[in-house]
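Chemist: My questions are about this predicted structure, shown below with the sequence.
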Amino acid sequence: AAGSLVDLRALPGNGFEFARWEGTVVAVDNPLRLLMDRNHVLTPRFRARAYLETFETGNLSQLPWTFGGQAPWFVTNETEKTCTFAARSGIITNGGHSVLILNHESPAGGGSFDFRTASEAGWDFLEFRINGTLVRRWSGANGWQTFTFDVPSGRNRFEWWFHRDQTFGEALDTVWIDNLDLPELGSDDVAPKIVLP
């Protein structure tokens with residue numbers, strides 16, 4: 001109805017993310033609130049979602065990864081989330097830890113990664129840290145999950161720690177990550193197009 005407010009949400013298909021609205025209104029808000037002061041024709045634009053790191057090179061050479069702890073992380077094809085490869089924590093003994101580190105410049109936005117844990121519940125942990133601050137940790141036998149998080153603007157230090165306690169062990173006592181996604185400067189839009197009358 002004339003004068004009413006309408007909320008529109010663009011829902012990207014698998015492998016895409018929302019970029020902007022074009023038409024009678026140009027905006028990056030999603031959902032978009034429209035005042036029905038005239039007839040509107042809008043086109044949501046999407047861009048292909050390309051993960052920053054999928055480990056599909058079969059090694060850790062694509063990004064400037066560094067390591068800490070008693071053993072470095074490595075790439076394996078034993079339990080990938082998608083495609084063929086995933087990164088696995090280094091093989092450590094009781095009381096040890098293995099750290100995967102990435103220093104990366106990015107705009108503010110959302111990030112995500114997939115992870116799987118096979119460790120002693122409540123004792124051996126996968127920890128994710130940004131700039132030295134613990135964001136979240138997991139333990140136990142968990143199938144593949146996706147974790148999303150906020151990324152501050154600027155140069156950030158992302159760390160994945162796997163800690164083992166001082167005694168015993170359970171399961172494989174290891175963790176994996178895959179499909180790391182961080183905001184990137186200068187992403188190019190592509191044009192899968194949906195016209196909403």
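Modeler: Cool, the structure landed. Residues are numbered from 1 along each chain as shown.
Chemist: SS state for residue 117?
Modeler: strand (DSSP: H, G, I helix; E, B strand; the rest coil).
Chemist: Kindly provide the distance from it to residue 111.
Modeler: 19 Å (Cβ to Cβ, to the nearest Å). Glycine gets a C-beta too; all of them are placed from N, C-alpha and C.
Chemist: measure the nearest residue to residue 86 once chain neighbours are set aside to residue 126 for me?
Modeler: Among residues not flanking residue 86 along the chain, residue 178 sits closest, at 4.1 Å (Cβ to Cβ, 6 or more residues apart in numbering). Applying Cβ to Cβ, the value for residue 178 to residue 126 is 13 Å.
Chemist: Mutual contacts of those two, please.
Modeler: By Cβ atoms under 8 Å, 6 or more residues apart in numbering, residue 178 and residue 126 have these common neighbours: residue 115.
Chemist: Contacts only, for the residue nearest to the spatial centre of the chain.
Modeler: Centroid check for the chain by Cα atoms, centre = their mean gives residue 112 as the closest residue, at 1.5 Å. Counting by Cβ under 8 Å, 6+ apart, residue 112 touches 146, 147, 148, 149, 179, 180, 181.
Chemist: swap in residue 176?
Modeler: 76, 79, 81, 86, 87, 88, 89, 115, 116.
Chemist: Tell me how far the residue nearest to the centre of the chain lies from residue 150.
Modeler: Residue 112 is 11 Å from residue 150, by Cβ to Cβ.
Chemist: For residue 56, grab phi and psi.
Modeler: Phi and psi for residue 56, reported as degrees, to the nearest 10, are phi -70, psi 0.
Chemist: just checking, the residue nearest to residue 86 touches residue 84?
Modeler: No: checked against Cβ atoms under 8 Å, the pair residue 178 and residue 84 is beyond contact range at 10.2 Å.
Chemist: So for those two, which residue has more residues nearby?
Modeler: Between residue 178 and residue 84, residue 178 has the larger neighbour count (other Cβ atoms under 10 Å), namely 25 against 12.
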